[in-house]
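>>> here is my input, please return the structure:
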Amino acid sequence: MDVGEYERFKTDDGRQLTFWKEGRGPVLVCHPGGPGLASAAEFFDFCGLADHLTLIKFNPRGVGGSDRPKDKNSYALRDYANDLEELRRYLNLERLSLFGNSHGGRVAITYSATFGDRIDRLVLCAARVGHFDSDEEERVKAITARSRESWFPAAWRAYQSLSEDKWETEEDLGQLVIQAMPLAFGHFGQAQAATLEAAREAFAHPNGDLRRYKGDPELRDLTNELGRIRAPTLVFQGTADPLVSPRNAEEIAQRVSDARLILLDGVGHAFPWVDGRQRIRDEILSFFSLH
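This next block holds a predicted model:
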């Protein structure tokens with residue numbers, strides 16, 4: 001489900017990048033997770049924030065109509081951050097207010113650390129910054145705790161196939177992402193299933209180049225970059241997130257000089273604004289002095 005006005009622009013090197021524009025008021029640029037997924041998969045109903053903010057729902061390189069780079073190894077976090085800078089210039093904004101979810105949070109951290117004088121406000125959600133020894137053990141424990149759910153066997157098989165890169169086509173990859181997605185919610189009931197169904201079409205068209213990218217953007221440790229962020233920062237983290245340990249959010253809050261940590265009780269990794277809708281909405285509007 002695509003919401004808003006679709007726009008496109010050309011980068012300095014001739015690539016096309018796209019975004020959806022929705023709402024009114026101060027501008028908030030929204031960078032999705034993934035990596036390799038379009039904004040429509042995440043931000044089609046973003047807490048009703050379009051009532052108060054102009055949402056720029058950015059499609060990163062290779063998804064949602066944004067061109068893939070000719071070099072299949074051009075998916076470093078700095079590459080993504082450079083695209084955000086191209087977007088800022090296109091929008092003719094002196095500084096960006098930026099929301100980054102999951103992998104988008106890693107891009108937002110990289111952008112803020114690299115283009116520090118171009119960032120106004122920073123909002124991070126479920127962003128991984130470091131690597132903790134027990135992360136994988138915690139992840140599997142959190143996921144398998146729901147093994148009695150009727151949807152679990154199919155979701156677990158899909159998750160294992162993704163972990164082992166057992167897919168042939170991008171269509172296969174998209175279907176595996178959709179099948180595994182229930183595992184990423186804190187709770188998977190009717191509301192969560194409806195959200196996933198509404199986003200199905202966007203999730204079905206991932207950028208498979210990222211799964212085979214030699215310099216995996218999810219492996220780089222960003223701890224040292226945190227100290228270079230000077231913008232006011234709001235950090236959201238679900239306490240039931242099976243994919244990203246809350247210790248990441250705690251690390252961000254400790255190392256960023258002007259950061260506030262918001263823990264969302266019982267909220268998972270996928271679509272945290274479904275279960276945490278009112279809290280996320282209120283905190284972001286307050287962050288913009290609109291509530």
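>>> check the offset of the helix or strand where residue 82 lies from the chain's centre.
With secondary structure defined by DSSP states H and E, residue 82 is part of helix 77-91. Helix 77-91 has its C-alpha centroid displaced from the chain centroid by 16 Å (Cα atoms, centre = their mean, to the nearest Å).
>>> mean confidence for it?
On average, the pLDDT along helix 77-91 is 96.
>>> can you give me the buried ones in it?
77, 79, 80, 81, 82, 83, 84, 86, 87, 88, 91 (16 or more other Cβ atoms under 10 Å). C-beta here means a position set from N, CA and C on the backbone, and glycine is covered the same way.
>>> and the residue nearest to the fourth one when sequence neighbours are not counted, how many neighbours?
For residue 81, ignoring the flanking residues on the chain, the nearest one in space by Cβ to Cβ, 6 or more residues apart in numbering is residue 111 at 4.0 Å. Here the neighbour count serves as a burial measure; for residue 111 (other Cβ atoms under 10 Å) it reads 29.
>>> and residue 111, what does it touch?
With contact set as Cβ atoms under 8 Å, 6 or more residues apart in numbering, residue 111 has these partners: 80, 81, 84, 85, 96, 98, 118, 119.
>>> do you know the pLDDT at it?
Looking at residue 111, the pLDDT reads 97.
>>> that one looks like it's in a strand, true?
No. Under DSSP: H, G, I helix; E, B strand; the rest coil, residue 111 falls outside any strand and is assigned helix.
>>> look up how far residue 259 lies from it.
Using Cβ to Cβ, to the nearest Å, residue 111 is found at 16 Å from residue 259.
>>> going by residue numbers, what spans are strands in the stretch 101-250 of the chain?
Secondary structure of the stretch 101-250 of the chain by DSSP state E, counting those that start in this stretch: the strands cover 119-125, 233-238.
>>> need those strands in a markdown table with mean pLDDT and distance to residue 211, can you?
Formatted as a markdown table, the strands of the stretch 101-250 of the chain follow (pLDDT from 0 to 100; distance: least, Cβ to Cβ, whole Å):
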| stretch | mean pLDDT | distance to residue 211 |
| --- | --- | --- |
| strand 119-125 | 97 | 23 |
| strand 233-238 | 97 | 25 |
